[in-house]
Every structure is written in structure tokens, then in C-alpha cells.
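Colleague: Predicted model follows, preceded by the sequence.
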Amino acid sequence: MGATQRRAGRPRTAVLDRRRIGEMALELVDESGDFTLPELARRLGVQTGSLYHHVDGRAGVIELLREQISDRMDPVPLETHPWDVAMEAFFRSYRAVFAAHPRVVPLLATATIRSPEVIAAYDKIAAKLADSGIPVGRTMEILTAMENFIIGSALDLAAPEVMWEIPEGVEAPNLAAALAAQETSTDRAERAFEVGMATLLDAARAEAAASR
């Protein structure tokens, strides 16, 4: 019997692609809060240099992380709903995804957005705001305010249920009264989110109405 011949040419299935890199990077960040290119390559079973055929170093991997997060959001409301309903639904989805992957927030919040998929989604939101009558000069301020609130709210879901504890001997009567006046101490993050979301949307609706 002759020796088994090796197949010539490249393998039919790509060993590495951008999606696989992004998925593994997100897995690493979920575990430890960060990633390195050598560790990412090791997890993928390739040499570090192989990553550079698909991404532009660390910055490129961060954009893949952004795409992974974006892929988990629900873009449908941006296509079918009125502007304010669409924004609320999209940002609720945004919060849910970041709450599931809170350790990725510092990496994305400190990097310039270049992902085509993310830019396309935000272009649709900008179009919705333009349709509402809000001046284009206010678009990025409103979007940034919403995004900042949503990211903070997502992180708040990972915080302790009891966030305020006044130490013995510390005088803070007004804060103490406010804490005591809460309807309930449970679901603190959810209740705060609903108040904040309603306040921001009401402000945007008022500005849209005034502009019209």
C-alpha cells in the first residue's frame, strides 16, 4: 500500500476570518476585561502575525469587538418605527447587549468608531432625528447624551443593589431623607433607567415639536 498523499493547495475552509477573531476577542474580554494579540492568537491556534492579515493590530480588533456588540443589537425598529419609538427600542437593545458584556465598555468607549456596520446604524438614527424636525446641529449632542446614559445604565446593572450606605457618624440628612423616601430599594437600576430614558426622550420630543 502506498503512502497517503497530502492534499495540495489551500484548505477549503478558512482557518481564520474576521468574525472568528472578533468572537474570540469578545470571549477573552468577557473573561478578563482585556486582550493581547499574542493571547488572542494562541486561543485561535495561529501565529500572532496571522492576525495582521485580517486586522490592523489592536485597534482593528477593537473595531471587531464593536461589530460583535452591534451584531447583537436589534436594528429592526430603525427601519419600521416612528423616530422616538425607534430610538427607544434601539437603545433598550443597546443597553441589554452592553449589560451582557460590561467589560467591553472601556475598550469601546475610548476608541474612535470606524466600524462600517456601526456607522450604518447610527446613520439611520441620524435620519430618524432629521425626520423628526430636530436641527442637524443637535443630532450628535442628542445621540451622545443617549449613548452616555445607556452605557452608564448598562454598567449600573452590574453594580450592587444597595449603592448608597452612609457611614456612622457622617451627617448627610438630605441624602438620608431621599434614600428613605424611595418607594422600594429593589430594582434600583431598572427604575433609574426608566426615569432617565423617559426624561431624555421627552426632551427630544419637546425639541422636535419646538423645531416644527
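Modeller: Received, thanks.
Colleague: in what helix or strand does the spatially closest residue to Trp83 that is not a sequence neighbour lie?
Modeller: Leaving aside its chain neighbours, Trp83 sits nearest to Lys128 (3.9 Å; criterion: Cβ to Cβ, 6 or more residues apart in numbering). For every residue, glycine as well, the C-beta is placed using N, CA and C. Applying DSSP states H and E as the criterion places Lys128 in helix 116-132.
Colleague: What lies in contact with the helix or strand bottoming out on mean pLDDT in the chain?
Modeller: Each helix and strand of the chain was given a mean pLDDT (mean pLDDT, DSSP states H and E); the minimum falls on helix 76-80 at a mean of 83. Outside helix 76-80, the residues that touch it by Cβ atoms under 8 Å, 6 or more residues apart in numbering are 85-86, 89-90, 121, 124-125, 128.
Colleague: Also stretch 95-103?
Modeller: 26, 29-30, 32-33, 69, 72-73, 104-105, 150-151, 153-155, 157-158, 193.
Colleague: go with 6 Å
Modeller: 29-30, 33, 69, 72-73, 105, 150, 153-155, 157-158 (Cβ atoms under 6 Å, 6 or more residues apart in numbering).
Colleague: and stretch 194-210, average pLDDT?
Modeller: Stretch 194-210 shows a mean pLDDT of 94.
Colleague: For the helix or strand where Thr199 lies, name the packing helices and strands.
Modeller: Assessed by DSSP H and E, Thr199 sits inside helix 188-211. Using 3 or more Cβ pairs under 6 Å, 6 or more residues apart in numbering; DSSP states H and E, the elements in contact with helix 188-211 are helix 83-100, helix 139-156.
Colleague: Need the residue closest to the centroid of this structure.
Modeller: Phe98 (4.6 Å; Cα atoms, centre = their mean).
Colleague: For that residue, give its distance to Val105.
Modeller: With distances taken as Cβ to Cβ, to the nearest Å, Phe98 is found 6 Å from Val105.
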